[in-house]
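Student: Got a sequence here, can you build the structure:
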Amino acid sequence: NDRILLFALADTPDAATGFFNPVSVIPQVSTFKHYDPVAFDSTGRLLAVPERDGTVRVFVPARTSITGPETLLPHPDTVLHARFEPNSNFVATACFDGVLRRWDIETGRVLSELPVHEGPIINMIPSFDRTLWSTRGDDGFRALVDIANQQVLFKMQVADASQPAGGARGPLLRVGASQSPRTVLTRDKDLWLFAGEPGVLRAIDVDSGETIHLLPEHEELVYRPEFTPDESRILAHGYRQSLMKVWDAKSGQLLQELHGPAQILHSAISPDSRLAAVAYMNGVVNIWDLNDHSSSPDPLKIIADHRGTVYNVEFNPSGTLLATASGDAHVKIWSTEDWKLVSDLDTHKNIVLLVRFSPDGQRVLTGSTDTLIHVFDRAGRELLLLPVNGTFATAEWSPDGRRILATTVEGVVQVWTATGNSIP
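Tutor: Numbers count the residues shown, from 1 in each chain. Sure, this is the predicted structure:
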């Protein structure tokens with residue numbers, strides 16, 4: 001059944017069944033050659049597994065619980081985004097065929113398919129309660145979708161934000177290409193951030209469709225607008241720019257200009273809305289104090305410990321830790337109290353694209369171009385190793401922390417159970 005089972009010779013059979021129980025299960029979905037041998041090294045700590053594509057995976061079964069996906073969700077084309085719904089048994093996926101799909105994780109069955117765009121869906125961002133989804137298509141349109149009820153609420157073209165497409169009236173929701181979760185819709189779902197025209201950021205009233213704020217502050221296309229968690233401020237930066245700007249969400253007044261050393265790649269805001277961590281192309285991460293009343297403040301802290309580009313930054317739910325994921329194959333976790341290094345996670349063999357804290361803040365997952373997802377506890381102890389069946393795109397925790405979801409460029413969505421698999 002395309003799995004490799006590892007048994008401990010010192011174990012005894014299960015009293016009820018009479019069979020031995022495996023200590024680890026290594027999945028090789030459609031890639032394992034049954035007639036090829038697997039091999040341990042001389043110490044018995046490493047296991048080499050040949051694959052049909054000519055590569056060999058090396059596992060550490062004595063140290064890591066290696067578990068296969070609970071569910072595979074195949075797609076006809078590339079899937080860059082998949083998100084859990086409020087109920088962790090359901091997943092929404094955005095595919096390059098322009099269709100939003102809704103899945104039942106328990107059965108692996110497609111519940112609904114909703115065509116939204118004429119061509120690839122580049123991005124998908126949920127509202128705070130995950131009941132509405134904004135999408136950005138390669139067709140030049142943005143859409144606001146209620147996927148549970150199979151409704152496209154608004155669909156608008158970037159070229160002319162004042163004229164909704166298809167006769168519908170409503171705001172255009174601008175979404176960026178980053179994988180990081182962020183807020184572009186207030187909790188009451190009454191105010192959206194809209195970046196349609198080059199260099200212009202709009203805050204639009206959802207009910208009336210009227211522009212509340214017009215913020216023409218950038219020379220290029222506005223990229224990655226977001227609210228702070230307390231919804232008091234708006235942050236955004238220009239495409240391929242090093243300058244992050246901060247506005248008052250109520251008045252639209254420009255509050256701060258945060259000048260960085262290189263092109264901005266990613267950013268994160270602390271849960272208390274006080275700090276912004278901004279990662280730059282040159283591998284530096286600047287920590288900014290959003291409560292600093294200077295119009296052009298200096299960074300509160302500069303982190304320059306990585307030897308490669310930092311692709312992802314994330315605060316833990318309590319805001320006491322910051323994780324940075326880098327092209328040097330390291331993920332580093334920092335204390336936000338004194339900015340000392342807490343953990344250096346160096347188990348990946350290639351670029352680390354993503355880091356995510358679990359909803360309870362007790363675990364952290366990392367995703368890499370080496371096609372592996374690692375899960376650690378806060379002390380840096382490895383708990384799980386999840387092989388991704390394809391080219392890694394992104395991953396996230398379910399809202400209840402019980403599952404992990406990953407997408408691949410080849411169009412496969414994998415879901416694992418994330419509980420009860422820790423190393424003894």
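Student: which ones are touching Gly367?
Tutor: Val352, Leu353, Leu354, Val355, Ile373, Val388, Phe392, Thr394, Ala395, Ala406 (C-beta atoms under 8 Å, 6 or more residues apart in numbering). All C-beta spots, glycine's among them, are computed from the backbone N, C-alpha and C.
Student: same thing but 10 Å
Tutor: Gly367 sits next to 179, 312, 325, 331, 348, 352-356, 373-374, 386, 388, 392-396, 404, 406-407 when contact means C-beta atoms under 10 Å, 6 or more residues apart in numbering.
Student: any idea of the mean pLDDT for the helix or strand that contains it?
Tutor: Assigned by DSSP states H and E, Gly367 belongs to strand 363-368. The average pLDDT within strand 363-368 is 94.
Student: still on that earlier bit, select from the contacts of Gly367 every entry located in helices.
Tutor: Nothing among the contacts of Gly367 maps onto helices, per DSSP state H.
Student: all strands for the stretch 101-250 of the chain, in order.
Tutor: Assignment of strands within the stretch 101-250 of the chain using DSSP state E, counting those that start in this stretch yields the ranges 109-115, 121-126, 133-137, 141-146, 151-157, 191-194, 201-205, 211-215, 222-227, 233-238, 243-248.
Student: closest to Asp77 out of those strands?
Tutor: Between Asp77 and those, the shortest gap by C-beta to C-beta is with strand 121-126, which sits at 9.8 Å.
Student: Partner strands of the closest one, with direction?
Tutor: The pairing partners recorded for strand 121-126 under DSSP bridges are strand 133-137 (antiparallel).
Student: can you give me the angle the strand it pairs with makes with strand 141-146?
Tutor: Interaxial angle, strand 133-137 versus strand 141-146 (axes from the mean of the first three to the mean of the last three C-alpha atoms, to 10 degrees): 160 degrees.
Student: between strand 133-137 and strand 151-157, how big is the angle?
Tutor: 40 degrees.
Student: Now do strand 133-137 against strand 109-115: the angle between them, please.
Tutor: Using the same axes, to 10 degrees, strand 133-137 lies at 60 degrees relative to strand 109-115.
Student: list the contacts for Leu290?
Tutor: Contacts of Leu290 (C-beta under 10 Å, 6+ apart): 228, 232-233, 235, 246, 255-256, 258, 269-270, 272-276, 297, 300.
Student: One more pass at 8 Å, please.
Tutor: Thr228, Arg233, Val246, Gln256, Ile269, Ser273, Arg274, Leu275, Ala276.
Student: And the pLDDT at Arg403?
Tutor: Arg403 is given a pLDDT of 90.
Student: ugh, wrong one, Asn316
Tutor: So, for Asn316, pLDDT stands at 96.
Student: what's the closest non-adjacent residue to Phe84?
Tutor: Ser398 (4.5 Å; C-beta to C-beta, 6 or more residues apart in numbering).
Student: same check, this time on Ser318
Tutor: Gly361 (5.7 Å).
Student: sorry, back to before: the residue nearest to Phe84 - how many residues pack around it?
Tutor: 24 (other C-beta atoms under 10 Å).
Student: now swap in Glu106 and tell me
Tutor: Count around Glu106 with other C-beta under 10 Å applied: 10.
Student: To what extent is the spatially closest residue to it that is not a sequence neighbour buried, counted in neighbours?
Tutor: Nearest non-adjacent residue to Glu106, counting by C-beta to C-beta, 6+ apart: Asn89, 5.7 Å away. Residues lying near Asn89 (other C-beta under 10 Å) number 16.
Student: Double-check Asn89 against Ile105; I have them as touching.
Tutor: Yes: using C-beta atoms under 8 Å, Asn89 is in contact with Ile105, at 5.1 Å.
Student: Overlap in contacts, those two.
Tutor: With the criterion set as C-beta under 8 Å, 6+ apart, the contacts of Asn89 and Ile105 do not overlap.
Student: quick one on the thing from earlier: I figured the residue nearest to Phe84 hits Thr417, correct?
Tutor: No: with contact defined as C-beta under 8 Å, Ser398 does not count as touching Thr417 (9.8 Å).
Student: For the residue nearest to His259 when sequence neighbours are not counted, give me its contacts.
Tutor: Nearest residue to His259 in three dimensions, chain neighbours excluded: Leu243, at 5.8 Å (C-beta to C-beta, 6+ apart). Each residue near Leu243 by C-beta under 8 Å, 6+ apart is listed here: His237, Glu257, Leu258, His259, Gly260.
Student: tell me the pLDDT at the fourth one?
Tutor: So that's His259. 95.
Student: Repeat that for the first one.
Tutor: Predicted confidence (pLDDT) for His237: 85.
Student: what are the bridge partners for the residue nearest to it when sequence neighbours are not counted, then?
Tutor: Spatial nearest neighbour of His237, chain neighbours left out: Met244 (4.6 Å); criterion: C-beta to C-beta, 6+ apart. The partner list for Met244 in beta bridges (DSSP bridges) reads His237, Leu258.
Student: Quick one: residues contacting Met244.
Tutor: Leu235, Ala236, His237, Glu257, Leu258, Gly260, Ile264, Ser267, Ala276, Val278, Trp288.
Student: Test my guess that the second one contacts Thr228.
Tutor: What it means is Ala236. No: Ala236 lies out of contact with Thr228 (C-beta under 8 Å); the separation is 11.8 Å.
Student: residue ranges with poor pLDDT in the stretch 201-350 of the chain?
Tutor: 204, 206, 208-209, 216-223 (pLDDT under 70).
Student: hmm, 80 instead?
Tutor: 201-224, 238-240 (pLDDT under 80).
Student: Gly319 falls within a strand, correct?
Tutor: No: using DSSP: H, G, I helix; E, B strand; the rest coil, the assignment for Gly319 is coil, not a strand.
Student: Run a quick neighbour tally on it.
Tutor: Gly319: 17 neighbours (other C-beta under 10 Å).
Student: Thought Glu337 was touching it, still the case?
Tutor: No: assessed by C-beta under 8 Å, Gly319 is found out of contact with Glu337, at 10.0 Å.
Student: just the strands in the stretch 251-400 of the chain please.
Tutor: Going by DSSP E, counting those that start in this stretch, the stretch 251-400 of the chain shows strands at 254-259, 264-269, 275-280, 285-289, 301-303, 310-315, 321-326, 331-335, 341-345, 352-357, 363-368, 372-377, 382-387, 392-397.
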